[in-house]
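Engineer: need the 3D shape of this:
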Amino acid sequence: MEYVFGHLDGTNHKPTNQDWCTADSIIKQWLFGTLSQPLIQTILIPDAIAAQLWKVIEDLFHDNKEANAIELENQLRNITIGDSTVMEYYTRIKTISDLLANIGSKVSERTLVT
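Structural biologist: Residues are numbered from 1 along each chain as shown. Okay, here's the model as predicted:
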């Protein structure tokens, strides 16, 4: 596992070694296998090593983090109970709160109550 991380973070960089090149190709295939076709088109760089592709993916998702946080916070502020049961209402609030926490934008208890 550590060997794979070395390919992703660039600490294991030996492109002249055939074993290294084979492993890097496999890791790139793993990355491509987990992405949607439009996302692959966005990150595709000719002759890139796995670490370069990983950095592009990381930057792409990191850039969207703030926009996602703003959108989720807006949803949280505008949520209403409407025809929902209390449990459905609570579940929606909890889901949004958890999503915000997952992107590093934890919601305070005071905000949840209001």
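
Engineer: give me the neighbour count for the residue nearest to residue 106 when sequence neighbours are not counted.
Structural biologist: Leaving out its chain neighbours, the residue that sits closest to residue 106 by Cβ to Cβ, 6 or more residues apart in numbering is residue 100, at 6.7 Å. Bear in mind the C-beta positions are built from the backbone N, C-alpha and C, glycine included. Residues lying near residue 100 (other Cβ atoms under 10 Å) number 19.

Engineer: how about residue 11?
Structural biologist: Neighbourhood size, residue 11 [other Cβ under 10 Å]: 10.

Engineer: going forward can the numbers begin at 496, since that is how I track them
Structural biologist: Got it, the first residue is 496 from now on, which makes the last one we talked about residue 506.

Engineer: tell me how far it lies from residue 565.
Structural biologist: Residue 506 is 34 Å from residue 565, where distance means Cβ to Cβ, to the nearest Å.

Engineer: check residue 559 too.
Structural biologist: Residue 559 is 11 Å from residue 565, by Cβ to Cβ.
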